[in-house]
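**Q** okay, structure incoming, though there's no sequence with it:
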C-alpha cells in the first residue's frame, strides 16, 4: 500500500500537462496588470495616434 502511494505521488509530481495552462494564466495576469498600471499613458498614446491619423487623412 505504501509503495503504491509513493508511486502515485511520484507520477503526480512528474506530470507536467498543466504547466502550459499555468504559464498562460501568469502571462495574462502580468499583461492585465501592466495595462492597469499604465492605463493613462496608453490612453494618451492611442489618442495621439488617432489624432495624427485623422489630421494626415485630411491632407490626402
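**A** Done, it's in. This structure is a prediction, so every number in the text was calculated from the model and none was measured.
**Q** which is the next helix or strand following the lowest-mean-pLDDT helix or strand in the chain?
**A** Lowest on mean pLDDT, DSSP states H and E among the helices and strands of the chain sits helix 2-14, with a mean of 78. Note on helix 2-14: by DSSP states H and E, the next helix or strand toward the C-terminus is helix 19-37.
**Q** may I see the buried residues of that next one?
**A** Of the residues in helix 19-37, none count as buried by neighbour count, 16 or more other C-beta atoms under 10 Å. C-beta here means a position set from N, CA and C on the backbone, and glycine is covered the same way.
**Q** quick check: closest non-adjacent residue to residue 42.
**A** Leaving out its chain neighbours, the residue that sits closest to residue 42 by C-beta to C-beta, 6 or more residues apart in numbering is residue 35, at 6.8 Å.
**Q** might one say that the one you found is in contact with residue 46?
**A** No: between residue 35 and residue 46 there is no contact under C-beta atoms under 8 Å: 11.8 Å.
**Q** distance check, residue 59 against residue 52.
**A** Computed as C-beta to C-beta, to the nearest Å, the residue 59 to residue 52 distance reads 11 Å.
**Q** ok, now residue 24?
**A** Here the criterion is C-beta to C-beta. By it, residue 24 lies 34 Å from residue 52.
**Q** look up how far residue 21 lies from residue 12.
**A** 16 Å.
**Q** then residue 57?
**A** Counting by C-beta to C-beta, the gap from residue 57 to residue 21 is 43 Å.
**Q** residue 42 now?
**A** 27 Å.
**Q** who touches stretch 47-55?
**A** Counting contacts by C-beta atoms under 8 Å, 6 or more residues apart in numbering, no residue outside stretch 47-55 touches it.
**Q** now do that stretch: distance to the chain's middle.
**A** The chain centre lies 28 Å from the centre of stretch 47-55; the measure is C-alpha atoms, centre = their mean, to the nearest Å.
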